[in-house]
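*Asks:* Task: produce atomic coordinates for the following.
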Amino acid sequence: MDTLTALEELYLCCEGELSFCEGVSLPPKLQSIHLHSRGRTTPLVTEWGLQGLTALSRLSIGNNDEIVNTLMKESLLPISLVDLTIRNDKMKAFD
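*Replies:* Below you'll find the model as predicted:
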């Protein structure tokens, strides 16, 4: 993804484990990320560098309690975020 420097919107839908290659960073101009994954993600969301995405205004997460709870506990959301959508029919509470 390092060569996609102009990318503004990213959709990732996966039933299993979602893996990024080691050392890969998210495109710096991302404004919107939609992530729907039931499996683990590697590297962990703490290593994605979301706080450095100063243009990110929309984040949608579906079916992954691990990502949601980690983002909330660790305060990893960028201050530019204006729209946060969490979709999970089975989620009972935030940790």
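
*Asks:* Poorly predicted segments of this structure, please.
*Replies:* Applying pLDDT under 70 to the chain flags the ranges 1-2, 89-95.

*Asks:* Helices of that one, start to end?
*Replies:* 65-74 (DSSP state H).

*Asks:* burial measure for the closest residue to residue 28 other than its chain neighbours, as a count.
*Replies:* Nearest non-adjacent residue to residue 28, counting by C-beta to C-beta, 6 or more residues apart in numbering: residue 5, 6.4 Å away. Where you see a C-beta, it was placed from the backbone N, CA and C, and this is true even at glycine. Applying other C-beta atoms under 10 Å, we find 9 residues neighbouring residue 5.

*Asks:* what's near enough to touch residue 5?
*Replies:* For residue 5, the contacting residues are 27, 28, 29, by C-beta atoms under 8 Å, 6 or more residues apart in numbering.

*Asks:* go on, residue 15?
*Replies:* Going by C-beta under 8 Å, 6+ apart, residue 15 touches 37, 38, 39.

*Asks:* Tell me if I'm right that the second one and residue 61 touch.
*Replies:* No - no contact is recorded between residue 38 and residue 61 when judged using C-beta atoms under 8 Å, the distance being 11.7 Å.

*Asks:* buried set for stretch 49-56?
*Replies:* Neighbour counts using 16 or more other C-beta atoms under 10 Å place 50, 53, 56 of stretch 49-56 among the buried residues.
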